[in-house]
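Trainee: missing the sequence, but the structure's below:
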């Protein structure tokens, strides 16, 4: 048994900074273990995929029973009939129909789209249809974190963002390269409002270069243009 595993009995009572340090150490141990492990055969891969969600223990940094924590949070949101997402509480997002001029400006600039509450709402609908809604939700959560001034709240919000979008246990995990993920893990040792800046930038560029062009060429966007055009004189 490693020193990391042997210390888990008191893990949940440790200060957050110490938990973050343990996370970094354990992630590196697991990465080294993966490099040493032989590649699974095709037949065993499907079996591993089916059992992936049933592991009893994992290395999420928040506590030693993080699988249960994430399951409880997901079940709670499902029981309420909706998911508790950052977009639901971000000021400015709106279900109002945009004007034709607004839509034309969105077509010209992704920055303009993302700064518009109406634009973000429509873009979110498109991302949901592509099963990539978590990218926008993560970006918005980071924007909310930037507004926080209370240090205790910063630490708590950073923890929630990590659980929801960075942890490999989360169904809403965003896709980050290894170097960016390492930066985030190091930042979580002592989280600030800038803990996810590199990750947020990477996801923003991903949406700009990948999702945004498809959104502009989508049937959803064309239908929106046609609907607004018919309504305006």
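Mentor: Structure received. A quick note: this is a predicted structure, and the numbers were derived from the prediction, not measured. Numbers count the residues shown, from 1 in each chain.
Trainee: Just the pLDDT for the nearest residue to residue 170 once chain neighbours are set aside.
Mentor: Spatial nearest neighbour of residue 170, chain neighbours left out: residue 164 (5.7 Å); criterion: Cβ to Cβ, 6 or more residues apart in numbering. (C-beta placed from N, C-alpha, C; glycine too.) pLDDT for residue 164: 97.
Trainee: Name the SS class of residue 164, please.
Mentor: The three-state label given to residue 164 by DSSP: H, G, I helix; E, B strand; the rest coil is helix.
Trainee: right, and it touches residue 174 too?
Mentor: No. Between residue 164 and residue 174 there is no contact under Cβ atoms under 8 Å: 9.4 Å.
Trainee: anything in contact with each of the two?
Mentor: Common contacts of residue 164 and residue 174 (Cβ atoms under 8 Å, 6 or more residues apart in numbering): residue 138.
Trainee: Just the element for residue 193, please.
Mentor: In the assignment (DSSP states H and E), residue 193 maps to no helix and no strand.
Trainee: quick one: contacts for it?
Mentor: Counted by Cβ under 8 Å, 6+ apart, residue 193 has contacts 145, 146, 148, 154.
Trainee: Helices - which of those residues land there?
Mentor: Judged by DSSP state H, the subset of those located in helices is 145, 146, 154.
Trainee: Against residue 118, how distant is residue 228?
Mentor: To residue 118, residue 228 is 11 Å away according to Cβ to Cβ, to the nearest Å.
Trainee: higher neighbour count, those two?
Mentor: residue 118 (19 against 16; other Cβ atoms under 10 Å).
Trainee: For the contacts of residue 193, which two are the farthest from each other?
Mentor: 146 and 154 (9.8 Å; Cβ to Cβ).
Trainee: all helices for the chain, in order.
Mentor: Using DSSP H, helices in the chain cover 3-6, 16-36, 42-51, 66-79, 100-108, 110-114, 117-129, 133-146, 151-161, 178-187, 197-206, 212-216, 219-231.
Trainee: how about the nearest residue to residue 157, chain neighbours excluded?
Mentor: Per Cβ to Cβ, 6+ apart, closest to residue 157 is residue 145, 5.2 Å.
Trainee: Could you list the low-confidence segments of this protein?
Mentor: 1-94, 233 (pLDDT under 70).
Trainee: To what extent is residue 119 buried, counted in neighbours?
Mentor: Counted with other Cβ under 10 Å, residue 119 comes out at 23.
Trainee: Once you drop chain neighbours, what's closest to it?
Mentor: Going by Cβ to Cβ, 6+ apart, residue 119 has residue 113 as its nearest residue, at 4.0 Å.
Trainee: residues touching that neighbour, list them.
Mentor: 106, 119, 120, 123, 212.
Trainee: how many other residues sit next to residue 116?
Mentor: Taking other Cβ under 10 Å as the criterion, the count of residues near residue 116 is 20.
Trainee: Would you mind confirming that it makes contact with residue 101?
Mentor: No. Counting by Cβ under 8 Å, residue 116 does not reach residue 101; the two are 11.5 Å apart.
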